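Novice: build the 3D model from these lines:
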Amino acid sequence: MVPASLPECHATTLIRPDGRPAADFRERLRRIPSWRNAVSVVSTWAQISAVVWATVAFGPWVWPVTFVLMGRAFAQLASLMHEAAHRLLFSNKRANDVVGRWLLGFPSFTSTDVYRRVHMAHHRDEFGPDEPDIPLYIGYPIGAASFRRKLWRDATGRTGVKLMRGLLSNARSTDVRSRRTFWKIMSVQAVLFAAAIASGHWWLYPLLVLLPYLTVWRVINRLRSIAEHGGMHRSPDKRESTHTVRQHLPARFMLVPYRIGLHLAHHVDAGVPFRNLPLLQRALTEAGYITDDFEYANYLAAWRALRSEPQPALRKSASRGFPLWP
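Specialist: I've put the predicted structure just below:
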């Protein structure tokens, strides 16, 4: 799936020949809109509250919809946590980390600090020997049957349960920080469960937190991840390690909230806050770094390519001995 040839990038007043932003433009791109991001955090939790209210108010008729929407809520929390991991959510470092941990990471069963360490390894060298995300997108493209099996494992909770067991094992970890972080995550989950009990609807926690996390969110996470890097390879040119997919409203609503779908632009400069990624994307397009022929028209087109049978060269690259997570 790596392009046979890459579009030629022409230097502009904003973009260098290698695709990186020019110094003045980069400085403008990297300004963090803290107050607007605070609104996004509040808005996410307001939407979650609205989903919970609708679940109780309208009864079982809306549960399939609210169940799926809670999977989307985890995508929202994860996208904003990703910003916090890059320290791009708030210009104040302490506020960035406190909100990133307690309002975004812990509610979604994630340690923002551990995620930050792992994620920075991903950005340092995509598909390199220390790449932590290889298990999500190595070996693509794959056959349609294999693609369906992966999604079925996600949708039925088998992937989620496996990951949850890994999280629960930290309760007895020999590493003090791991144990402490685990219990912080559990304390936030206990507060959410207690809130459900106090409302008189204890079942809200398993229905709208635990089960969507184990199922819907796992499907969303896989579909997004493979559309970012599936079938690519290690290269100094980000266009050979990261896909670019044209963004449309349905995908931005359900799959890639808060501009996380502008993933190539994010990898070109990982210090650009999500609100400024569209500006960088436009500048890259104007410079010829990204073209219509190079960009997938939508996520369906990307997934169709990812579930085609692998070519021999890609079969070979998928068996280089990368360590795979269990």
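
Novice: list the buried residues of stretch 10-23.
Specialist: Neighbour-count burial for stretch 10-23, counted by 16 or more other C-beta atoms under 10 Å, picks out 12, 14, 15, 16, 19, 20, 21. Every C-beta, even on glycine, is put in place using the N, C-alpha and C of the backbone.

Novice: how about stretch 214-229?
Specialist: 214-224, 226-229.

Novice: and the furthest pair within the buried residues of stretch 10-23?
Specialist: 12 and 20 (11.7 Å; C-beta to C-beta).

Novice: was I right about residue 45 contacting residue 103?
Specialist: Yes. Between residue 45 and residue 103 a contact is recorded at 7.2 Å, counting by C-beta atoms under 8 Å.

Novice: count the residues that sit near the closest residue to residue 84 other than its chain neighbours.
Specialist: Nearest non-adjacent residue to residue 84, counting by C-beta to C-beta, 6 or more residues apart in numbering: residue 100, 2.7 Å away. Residues lying near residue 100 (other C-beta atoms under 10 Å) number 27.

Novice: ok, now how distant is residue 182 from residue 197?
Specialist: 22 Å (C-beta to C-beta, to the nearest Å).

Novice: neighbour count winner among those two?
Specialist: Relative neighbour count places residue 182 above the other of residue 182 and residue 197, with 20 against 12, counting by other C-beta under 10 Å.

Novice: can you tell me the average pLDDT over the helix or strand hosting that one?
Specialist: In this assignment (DSSP states H and E), residue 182 forms part of helix 176-198. On average, the pLDDT along helix 176-198 is 97.

Novice: need the contact partners of that helix.
Specialist: Contact with helix 176-198 is made by 101-102, 105-107, 109-111, 113-114, 167-168, 170-173, 202-205, 209, as judged by C-beta atoms under 8 Å, 6 or more residues apart in numbering.

Novice: same deal with stretch 92-103?
Specialist: Counting by C-beta under 8 Å, 6+ apart, 34, 41, 45, 80-81, 83-85, 87-90, 111-113, 184, 188 sit against stretch 92-103.

Novice: before we move on, back to that, pick the one among the buried residues of stretch 214-229 closest to residue 57.
Specialist: residue 216 (21.1 Å).

Novice: what about that closest one, distance to residue 185?
Specialist: 20 Å.

Novice: swap in residue 234?
Specialist: Using C-beta to C-beta, residue 234 is found at 33 Å from residue 185.

Novice: neighbour count: the two, which is higher?
Specialist: Taking other C-beta under 10 Å, residue 234 and residue 185 do not tie; residue 185 has more neighbours (20 against 14).

Novice: which residues of the stretch 201-326 of the chain fall in helices?
Specialist: If DSSP state H, counting those that start in this stretch is used as the criterion, the helices of the stretch 201-326 of the chain fall at 204-205, 211-214, 216-229, 249-254, 263-268, 277-286, 299-306, 312-317.

Novice: out of the ones you listed, nearest to residue 149?
Specialist: Residue 149 lies closest to helix 216-229 among those, at 11.7 Å (C-beta to C-beta).

Novice: can you list the residues that contact the closest one?
Specialist: Applying C-beta under 8 Å, 6+ apart, the contact partners of helix 216-229 are 67-68, 70-72, 74-75, 78, 108, 126-127, 133, 136-137, 140, 150-151, 154-155, 157, 159-160, 163, 241-243, 245, 254-256, 260-261, 263, 296, 299, 302-303, 306.

Novice: below-threshold pLDDT in this protein: ranges please.
Specialist: 309-326 (pLDDT under 70).

Novice: residue most distant from the centroid, it?
Specialist: Here the chain reaches farthest from its C-alpha mean at residue 200, the gap being 33.5 Å by C-alpha atoms, centre = their mean.

Novice: a helix runs through it, doesn't it?
Specialist: No. Under DSSP: H, G, I helix; E, B strand; the rest coil, residue 200 sits outside any helix and is assigned coil.
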